[in-house]
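> Got a predicted model here, sequence first, then my questions.
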Amino acid sequence: MIHLYVITRVLTFFGTEMRVFWEHLVCRVAKIVAEDIRAFKVSELCGHVEHELLKTKKQAFLMCWLPFTLNFILGFLLLLSGSYRIIYLGNYAAIKYWVFLYVGVSCLANCAPSFEDILSFKDMFYSKDGSVALKVLLAPFFGVAYAMAFLERYSITFILAVAFAVAFPWIFNFVLPAVSLLGKLL
């Protein structure tokens, strides 16, 4: 199973490198000692920075939230052009839209935090002495990040990223008029 995981990380090398960059940035900002910053290694930490155990809530939150959010936003923005032009409009001739589609899928496939990081997040925020308000506030993010970290171990995030890229133009075309209408009503 590790080999399938490593193969999908290599196939989505741009998103893998971006994920490692964001995690390394968090290590620098939050003063977490990074032990191995290679993006590609034959282990379950392929595409993640190997670092010391997270000690504070700030470190756990930043390590799980920042790379997840930045890779998702970058992938989303790239799919606005790539997926929309290729899948929805059928513009197959322009190579730049294929590149946007590939890099967008690559970023989305590499959003998830490592399973060890999300378990540290869970230990920090969802222990007995944790704030109930904070638990409720962070529950949606934790649920999505935990599910994605679990699915990433089996390379299912790659399949989900491709499925999202295919469905994205139709979702966007449905949601955008509704948001516009809501703006006019308010």
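On my side now, so go ahead.
> The residue positioned nearest the centre of the chain: what's it in contact with?
The C-alpha lying nearest the average C-alpha coordinate of the chain belongs to residue 111 (Cα atoms, centre = their mean; 1.3 Å). Contacts for residue 111 (Cβ atoms under 8 Å, 6 or more residues apart in numbering) come out as 15, 19, 67-68, 71-72, 75, 148, 157. Glycine gets a C-beta too; all of them are placed from N, C-alpha and C.
> Please enumerate the helices of the chain.
Remark: helices assigned in the chain by DSSP state H are 2-11, 13-29, 57-83, 95-109, 115-125, 132-152, 156-185.
> Relative to residue 35, which of those helices is closest?
Smallest distance to residue 35 across the helices of the chain (Cβ to Cβ): 9.6 Å, for helix 13-29.
> about what we covered before: tabulate the contacts of residue 111 (JSON lines), appending neighbour count.
Compiled in JSON lines, the contacts of residue 111 are given as follows (neighbours: other Cβ atoms under 10 Å):
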{"residue": "15", "neighbour count": "27"}
{"residue": "19", "neighbour count": "28"}
{"residue": "67", "neighbour count": "27"}
{"residue": "68", "neighbour count": "23"}
{"residue": "71", "neighbour count": "23"}
{"residue": "72", "neighbour count": "17"}
{"residue": "75", "neighbour count": "28"}
{"residue": "148", "neighbour count": "19"}
{"residue": "157", "neighbour count": "25"}
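> Next up, the contacts around the closest residue to residue 84 other than its chain neighbours.
The shortest distance from residue 84 to any residue that is not its chain neighbour, by Cβ to Cβ, 6 or more residues apart in numbering, is 4.8 Å, and that residue is residue 169. Taking Cβ under 8 Å, 6+ apart as the criterion, residue 169 is in contact with 83-84, 87-88.
> Name only those of these that count as buried.
Buried positions within the contacts of residue 169, assessed by neighbour count (16 or more other Cβ atoms under 10 Å), are 83-84, 87.
> Export the residues you listed as a markdown table, with columns for pLDDT.
Converted to a markdown table, the buried ones among the contacts of residue 169 look like this (pLDDT from 0 to 100):
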| residue | pLDDT |
| --- | --- |
| 83 | 91 |
| 84 | 86 |
| 87 | 90 |
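> my guess is residue 4 meets residue 156, correct?
No - using Cβ atoms under 8 Å, residue 4 and residue 156 do not qualify as a contacting pair, with a distance of 10.3 Å.
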